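1. Mind folding the following:
(chains A and B)
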Protein chains: 2
Amino acid sequence: MNSNPIFSVHIPTKILFGCGELKKLATEKLPGKKALIVISGGTAMKKYGYLDKVIGLLKENNVTSIVFDKILPNPIKSHVMEAATVCRENQCDFVVGLGGGSSIDSAKSIAVMACNEGDYWDYINGGTGKGRPVTKALPVIAIPTTAGTGTEADPWTVITNEERQEKIGFGNELTFPVLSIVDPELMVSIPPHLTAYQGFDAFFHAAEGFIANCATPISDLYALEAIRLLYKYLPVAVKDGKDLKARAKVAWASTLAGLVEATSSCTSEHSLEHAMSAYYPELPHGAGLIAISENYFETFRNDSMKRYMKMAEIMTQQKSNRPSDFIDALVRMQKECDVYGLKLSIWGLKEEDFPKMVQNARETMGGLFLFDPRPMTDEEVLNIYKKSYR
Amino acid sequence: MNSNPIFSVHIPTKILFGCGELKKLATEKLPGKKALIVISGGTAMKKYGYLDKVIGLLKENNVTSIVFDKILPNPIKSHVMEAATVCRENQCDFVVGLGGGSSIDSAKSIAVMACNEGDYWDYINGGTGKGRPVTKALPVIAIPTTAGTGTEADPWTVITNEERQEKIGFGNELTFPVLSIVDPELMVSIPPHLTAYQGFDAFFHAAEGFIANCATPISDLYALEAIRLLYKYLPVAVKDGKDLKARAKVAWASTLAGLVEATSSCTSEHSLEHAMSAYYPELPHGAGLIAISENYFETFRNDSMKRYMKMAEIMTQQKSNRPSDFIDALVRMQKECDVYGLKLSIWGLKEEDFPKMVQNARETMGGLFLFDPRPMTDEEVLNIYKKSYR
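-> Residues are numbered from 1 along each chain as shown, chains lettered A, B, ... in the order given. Model (predicted):
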């Protein structure tokens, strides 16, 4: 139950949080005079006026900007490389990630490749990555318009090598955003099912970080508060997306869960999901996590009993005396968010792909398995996929 | 009860925490090749071998060092100025504060004056300070050997202008330590009464930061955890200073309370105490706080009822339905730490000085009064002193 008594904390990011705080982009000290703004290939950032707003606020702050608008929901390496070239050719001083995790993660990776030679995969650890050291990167500003990834508060960026079906996380002290503006008003237009997918991504960052064997006293603090807030407010935000109080609580919980990722770690639930969406890029990350979550957490029910009960208690605000109270609460929360019973077959995954997904999870994100409460066998991993199939 | 929904978080300090972690000084990347080590004028740092250890670890890391060893328990401006000259003359790249808050605070102020012209008081806001802007400072490394000030996790430094009886806090983003190593093993030799004084300083950082009207969701998280840990473990550390588990919990609580100071603020209890020790420098800061605490918190009992009850609940782990439960728990904790009933008369304070102390508190640290749950009248401040007299 005890978390590690020896640990370090280092979160250099300045986080501005609150409704309307986007306006501070016009007055904060920014790391240069020219920005590359990175957004998704979808229409939301333009339709809701967020892009124009950001361009205008930067202009007020004497910053000119250009826009890269091709990022996919599961962002790919070739876009990182393309945008890094744009960034270099236009001599941008910093990169602004505006949107969901895909855009902000891409901004981080673009900021790295704007300063480093060769291919992005040269610098990746895991899979076929070459693990070259990264010693510089442009500064990144993160402006999330979703509440889920927590990337605004951690150094991580997850990019898919689309030629090799490898979806791998990367990050170091240089890829923390220098500034993150978390403005819940930018999140009101997210539809209910995506609110739920994203919110559960945040929930699992916190829950995995809490059962991880590298949990620390400070990550525990962040994790339990994120879990408490999401259990209470995510169903509210899913039911009424205009409820700004619920949006703000969920947004803050997501940022807290990002702090968990910066001070503890995800566990192999994330490896399993990355392998899934490496092969099925149309599968939303949060939906993939939800689909395997009950079986994943069932696997460690007797290995982390006190921590499961602690999570149950913070969720239900009632004394727990059995670890499965946590799984019951998780199921209840998924039902309240209308996402219970998502199965892998719905997304077109094929059972025959499971063995290579097991292998992919081990090869590309094997590191996270080391943080599980105990080592899992390949058969156990395979069983999680199988039980989550239909 | 609700904390501010709009807030910012920015703690650039890298904190290494844990028993034995001092050794990392030999392997961490340091901000230069020559260090000024700042320690107190007392004997502890030499007697316990901490100074030699730090010099040796720096040497392993290819850093040479010189030592300034004059800092007083209530550190004074003339020492800051003298050490800044030493620092400049020896072209030190960074400043190491080793010891209690007095040494680390001094290190911060020395780091400022090593890079800025004129007198330290030219840069101070409050009292007769001139409030000139500070745009540069040498990097600071903090190595606390006491658990109380939290200065290792915040930008603040409190220095007394001994000619003007002004004890004023100062700080900005430049005065956050770049690296803080919190090693509870360095704290085992602190005698019981100082352990209690220092631990209550941390407790009041947390409790004041929790009732402050600028409290935020993240400062609340840090504050309640610090309060919980101190209530449980400070009496243990006071009774048995060799209990490393209790020392570590108290040390972590003190760092958490420093994070409270970096994300919320102290309230006027600290202004009142600064005025006391500005006139009576032999009064330990923590003892001064303890002496006025019951009357200070009594003053706001009906202004911050829910927050008092929340603190009582986290301390006693029992439901509270009256705000005075907090004051009862505070008194109980002081009794368990053998510091209940400290009165100002014990330290030689004179009743006739109280009116000028009221004025001094307003003039030098008036800003903190703005964070009280409601404005206090001068008469109320005077009454706190009077009731705490004997």
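
2. buried residues in the helix or strand A:Lys306 falls within?
-> Counting by DSSP states H and E, the element that carries A:Lys306 is helix A:305-316. By 16 or more other Cβ atoms under 10 Å in any protein chain shown, the buried positions in helix A:305-316 come out as A:305, A:307-315. Glycine gets a C-beta too; all of them are placed from N, C-alpha and C.

3. Look at A:Pro303 and give its secondary structure.
-> Residue A:303: Asp, not Pro. For A:Asp303, the assignment made with DSSP: H, G, I helix; E, B strand; the rest coil gives coil.

4. Next up, the contacts around it.
-> When contacts are counted by Cβ atoms under 8 Å, 6 or more residues apart in numbering or on different chains, A:Asp303 touches A:373-374.

5. Return, as residue ranges, the portions of chain A with sub-threshold pLDDT.
-> A:1 (pLDDT under 70).

6. at 50 instead, please
-> Applying pLDDT under 50 to chain A picks out no residues at all.

7. which helix of chain A spans the most residues?
-> helix A:217-239 (DSSP state H).

8. ok so, going back, the buried residues of helix A:305-316 into JSON lines, with extra columns for distance to A:Trp252?
-> Compiled in JSON lines, the buried residues of helix A:305-316 are given as follows (distance: Cβ to Cβ, whole Å):
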{"residue": "A:Met305", "distance to A:Trp252": "29"}
{"residue": "A:Arg307", "distance to A:Trp252": "22"}
{"residue": "A:Tyr308", "distance to A:Trp252": "24"}
{"residue": "A:Met309", "distance to A:Trp252": "25"}
{"residue": "A:Lys310", "distance to A:Trp252": "21"}
{"residue": "A:Met311", "distance to A:Trp252": "18"}
{"residue": "A:Ala312", "distance to A:Trp252": "22"}
{"residue": "A:Glu313", "distance to A:Trp252": "21"}
{"residue": "A:Ile314", "distance to A:Trp252": "15"}
{"residue": "A:Met315", "distance to A:Trp252": "17"}
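
9. Return the member of those nearest to B:Leu289.
-> When the buried residues of helix A:305-316 are ranked by distance to B:Leu289 (Cβ to Cβ), A:Ile314 comes first, at 32.3 Å.

10. returning to what we had before: and the next element down the chain from the helix holding A:Lys306?
-> Assigned by DSSP H and E, the successor of helix A:305-316 is helix A:324-336.

11. counting contacts, what elements does the helix or strand following that following helix pack onto?
-> Next helix or strand after helix A:324-336 toward the C-terminus (DSSP H and E): helix A:354-365. Here helix A:354-365 touches strand A:166-170, helix A:268-279, helix A:378-387, going by 3 or more Cβ pairs under 8 Å, 6 or more residues apart in numbering or on different chains; DSSP states H and E.

12. Kindly export the longest helix of chain A (C-alpha atoms) in CSV.
-> C-alpha atoms of helix A:217-239 as CSV (Å, rounded to 0.1, in the frame of the first residue of the first chain):
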residue,chain,number,x,y,z
PRO,A,217,3.3,10.4,-2.1
ILE,A,218,2.7,13.3,-4.5
SER,A,219,1.3,11.2,-7.3
ASP,A,220,-1.1,9.5,-4.9
LEU,A,221,-2.4,13.0,-3.8
TYR,A,222,-3.0,14.0,-7.4
ALA,A,223,-4.4,10.6,-8.4
LEU,A,224,-7.0,10.3,-5.6
GLU,A,225,-8.3,13.8,-6.2
ALA,A,226,-8.6,13.2,-10.0
ILE,A,227,-10.4,9.9,-9.3
ARG,A,228,-12.8,11.6,-6.8
LEU,A,229,-13.6,14.5,-9.2
LEU,A,230,-14.1,12.3,-12.2
TYR,A,231,-16.4,9.8,-10.4
LYS,A,232,-18.5,12.7,-9.2
TYR,A,233,-18.5,15.1,-12.2
LEU,A,234,-17.8,13.1,-15.4
PRO,A,235,-21.4,11.7,-15.5
VAL,A,236,-22.6,15.3,-15.0
ALA,A,237,-20.5,16.6,-17.9
VAL,A,238,-21.5,13.8,-20.1
LYS,A,239,-25.2,14.4,-19.5
